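Visitor: Below: sequence and its predicted model.
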Amino acid sequence: MTAPILVTGGCGFIGSAYIRRALRSARRPVVNVDKLGYAANPEALEDARTDPLYAFHKADIGERGAMRDILARHKPAAIVNFAAETHVDRSIDGPLAFVETNVGATARLLVETLDYWRGLDAAAQAAFRFHHVSTDEVFGALGPDDPPFTEATPYAPNSPYAASKAASDHLVRAWHATYGLPTLVTNCSNNYGPWQFPEKLIPLMIAKAAAGEALPVYGDGRQVRDWLHVDDHAHGLALALERGRPGEVYAFGGDAEVANIDVVRAICARVDAKLGPRAEGPRTDLIAHVADRPGHDRRYASDAAKAQRALGWRPAHAFATGLDATVDWYLAAGDWLARIKAERYALGRLGAG
Ligand code: NAD
């Protein structure tokens, strides 16, 4: 049987989209390692559960013994590392959890990966990849007229989340430069689509708009993000693994820069259209500006020209239609949202990346 891809954090928003794609389109065996933290959604992999090509281990990527056993047992051809703490607001409230997972646990995973890789034969070593999935937030903030980030943009992270991801990118780079581990790093702009934990901007606003609750928007809401559909990101990641060159970095972006306030307005319009307007007026009336997030980056945007050229990647979803479909998906997933709200999380945070 073909050696599997080991995916870490595969029960999260992007990892689960990646696994669904790998099982559906490539029919590649996948081993998913996830510690099932608060943002994990095993429901997003319901169909995978009975697929003979899919295996799951509940483990922390920082547990060296557990990872050593999993690597020895499954002998993966590649590791795609999604596992991370990912919410900027949580990183402001509790930065050490981000340093622990995104830096410490990633470093321990790299140590175990290197040991495993050194034990492979020459052909398997050459074919192996450690693919680290990262964010464009490592590059800091852009001014209104700056060109978008590229792979050559110097790192200037502003939030504890971004700093911890930047540190992990540097570790991965060093494991390539120092030990020769065949690595890939991809830095992507904000993702949207199904199964995102509803503390992030888009699902949070959909849930609140549907419930007729206030829609808290940071500051003036003019912070600009470049949005990419999660399935387009998953496609780009699959191409990077297949065609990317060891030691290289690839940026992914949606070429869809939108201010947060305009995202929220578009969500309100779609929810009004689907559920009918509220008696009190349109849902845009629910928008409530609140004090800005400390250190809030004003603008992110990524130039994906290298990924387009070198990997042959093109996003398939336009933001406007992709957002409408995403709103429809969350409205239809009301039970899932309600369960998360009841069981795991009071939907009070403000979201955005
Ligand atoms: P998520 O928060 O939805 O999921 C993270 C998953 O990782 C969860 O299932 C969690 O249980 C798991 N996890 C966390 N720590 C772990 C550990 N120590 N061991 C094992 N599993 C662990 O995150 P996401 O939005 O899917 O993001 C995935 C990756 O993509 C992250 O590395 C993130 O930095 C990066 N990224 C995200 C975006 C975005 O817009 N969401 C954009 C660019 C890059």
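Guide: The structure has been received and is ready for your questions. Numbers count the residues shown, from 1 in each chain.

Visitor: Strands along the chain, start to end?
Guide: Secondary structure of the chain (DSSP state E): strands located at 5-8, 30-34, 54-58, 78-81, 129-135, 183-188, 190-192, 215-218, 224-229, 248-252, 257-259, 287-290.

Visitor: quick one: the residue in the stretch 1-150 of the chain positioned nearest to the ligand and Arg245, what's the gap?
Guide: The stretch 1-150 of the chain approaches the ligand most closely through Gly12 (2.0 Å), counting by C-beta to the nearest ligand atom. Bear in mind the C-beta positions are built from the backbone N, C-alpha and C, glycine included. Computed as C-beta to C-beta, to the nearest Å, the Gly12 to Arg245 distance reads 27 Å.

Visitor: can you check Ile5 too?
Guide: Where Arg245 is concerned, Ile5 sits at a distance of 18 Å (C-beta to C-beta).

Visitor: Can you pick out the residue with more neighbours from the two?
Guide: Between Ile5 and Arg245, counted using other C-beta atoms under 10 Å, the more crowded position is Ile5 (25 against 11).

Visitor: For burial, what's the neighbour tally of the closest residue to that one other than its chain neighbours?
Guide: For Ile5, ignoring the flanking residues on the chain, the nearest one in space by C-beta to C-beta, 6 or more residues apart in numbering is Ala78 at 5.0 Å. When neighbours are counted by other C-beta under 10 Å, Ala78 registers 19.

Visitor: and Ala78, bridged to which residues?
Guide: Taking DSSP bridges as the rule, Ala78 bridges to Ile5, Arg129.

Visitor: Quick one, grab the pLDDT at it.
Guide: You'll see Ala78 listed with a pLDDT of 98.

Visitor: Same check on the one 5 residues further on?
Guide: Per-residue confidence for Ala83 comes out at a pLDDT of 98.

Visitor: Next up, the contacts around it.
Guide: Thr8, Gly9, Gly12, Gly15, Val33, Asp34, Lys35, Ile61, Thr101, Ala105, Thr106, Leu109 (C-beta atoms under 8 Å, 6 or more residues apart in numbering).

Visitor: Recalculate using a threshold of 6 Å.
Guide: Thr8, Gly9, Ile61 (C-beta atoms under 6 Å, 6 or more residues apart in numbering).

Visitor: burial of the second one, as a residue count?
Guide: Other residues within reach of Gly9, judged by other C-beta under 10 Å, total 27.

Visitor: what do you get for the last one?
Guide: Around Ile61 sit 27 other residues, with neighbours defined as other C-beta under 10 Å.

Visitor: Ramachandran angles for the nearest residue to Phe13 once chain neighbours are set aside?
Guide: Nearest non-adjacent residue to Phe13, counting by C-beta to C-beta, 6+ apart: Gln196, 4.4 Å away. With angles defined as degrees, to the nearest 10, Gln196 sits at phi -80, psi 140.

Visitor: For Gln196, give its distance to the ligand.
Guide: Gln196 sits 7 Å away from the ligand when distances are taken as C-beta to the nearest ligand atom, to the nearest Å.

Visitor: wait, what's in contact with Gly143?
Guide: Gly143 neighbours (C-beta under 6 Å, 6+ apart): none.

Visitor: what pLDDT does it get?
Guide: Looking at Gly143, its pLDDT reads 94.

Visitor: go on, the one 10 residues further on?
Guide: At Thr153, the predicted lDDT confidence score is 98.
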